[in-house]
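K.L.:
sequence first, then the predicted structure:
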Amino acid sequence: MTNERNCVLANGCKAAGTSACTRQCPHFIALHGASGNGGRSAAAGLPREYRLTTLANSPARADQPAVYKSVENYAKTFERQFEQTEGYIEPADRIKSLYLYSANSGTGKTTTAAALLNEWLRVHYSGSLKRGQQPLQRPAYFLDVNEWQNDYNEFNRPRVPDSVAEPAAARYYRALEAAKTAPFAVLDDIGVRSPSDGFRGDLHGIINARVTNQLPTIYTSNIPLKSDVEPRKRVPANKPYDIADVFGEGRLADRVRDLCRVIEFEGESKRGLRR
């Protein structure tokens, strides 16, 4: 049995489906590590359940045909990354950012964002080799904002033992730097609840760094980027009604709005019904 189902490089790889497609392939090892759980895929911070998710095999594809038509067209722009290495990039030439939104959880936003990140990894790795360049070890990064907030809370609680606080702080600041600087990033579930000023400031820092440096970013959220509901009509009253309610009104929320294309997912949650 060949190894193409275990490698995100299979799409477009001449060896896929042949006897050369094995776990000993140096390109498989570069992307996934000798164990299949390492390499650039692990360095990107992808949870294991998403490391082999592609636009072609995504379980969200059947339920979101309009979304997948849009994101497949978006992925075609990833070749531009090799033209955008230095200096100012005209807005028309940039690889855009996306805001994947649905009012309900479990509609496929995270799965789709992970599939796009894997597509970026594939294009970056293959495209770098074709151009005689060394692929980056971390060309993309996936930040689960809720997990990241948990780490923040872990080392900021009172009387937390050092054996707990220090590893949490190390994970937190490694993720902070990676999310700021990766050429492509997913910020999964940015509608965080009850963020402290410090955590909110660090999240602002990531987004501001990415916007300032023209780095494409995929955001996922259950909170609309901009709501047509007036604040006084929110139900329930304590639920964020758009992204400015999370970030605060101001330049950062406006910049995210201005530079993102919104793609809305439809339907009810499919969580627990994975195919």
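P.N.:
Arrived safely. Residues are numbered from 1 along each chain as shown.
K.L.:
same for the longest helix anywhere in the chain, what does it pack against?
P.N.:
If you go by DSSP state H, the chain has its longest helix at helix 109-130. On a contact count with 3 or more Cβ pairs under 8 Å, 6 or more residues apart in numbering; DSSP states H and E, helix 109-130 meets helix 26-32, helix 39-43, helix 65-75, strand 97-101, strand 140-144, strand 184-188, strand 217-221. Quick note: C-beta positions are derived from backbone N, CA and C, even for glycine.
K.L.:
which one of those lies closest to Tyr172?
P.N.:
Nearest to Tyr172, of all the helices and strands packed on helix 109-130, is strand 140-144, at 10.8 Å by Cβ to Cβ.
K.L.:
okay, now the unreliable bits of the stretch 51-200 of the chain?
P.N.:
For the stretch 51-200 of the chain, the stretches flagged by pLDDT under 70 are 84-88, 91.
K.L.:
please parse this protein into its domains.
P.N.:
Split into domains by automatic domain parsing, the chain comes to 1-36, 48-264.
K.L.:
mean neighbour count and distance to Ala42 for these - can I get that in JSON lines?
P.N.:
Shown next, in JSON lines, are these (neighbours: other Cβ atoms under 10 Å; distance: least, Cβ to Cβ, whole Å):
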{"stretch": "domain 1-36", "mean neighbour count": "16", "distance to Ala42": "6"}
{"stretch": "domain 48-264", "mean neighbour count": "17", "distance to Ala42": "8"}
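K.L.:
how about the helices and strands packed on helix 109-130 in JSON lines, adding distance to Leu121?
P.N.:
Below are the helices and strands packed on helix 109-130 laid out as JSON lines (distance: least, Cβ to Cβ, whole Å):
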{"stretch": "helix 26-32", "distance to Leu121": "7"}
{"stretch": "helix 39-43", "distance to Leu121": "6"}
{"stretch": "helix 65-75", "distance to Leu121": "12"}
{"stretch": "strand 97-101", "distance to Leu121": "17"}
{"stretch": "strand 140-144", "distance to Leu121": "6"}
{"stretch": "strand 184-188", "distance to Leu121": "9"}
{"stretch": "strand 217-221", "distance to Leu121": "13"}
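K.L.:
what's the closest of those to Thr18?
P.N.:
Comparing those by Cβ to Cβ, helix 26-32 comes nearest, at 13.1 Å.
K.L.:
now do the closest one: everything it contacts.
P.N.:
Residues from elsewhere that reach helix 26-32 (Cβ atoms under 8 Å, 6 or more residues apart in numbering): 3, 6-9, 13, 22-23, 38-42, 51, 121, 125, 135.
K.L.:
many thanks, I have nothing further to ask.
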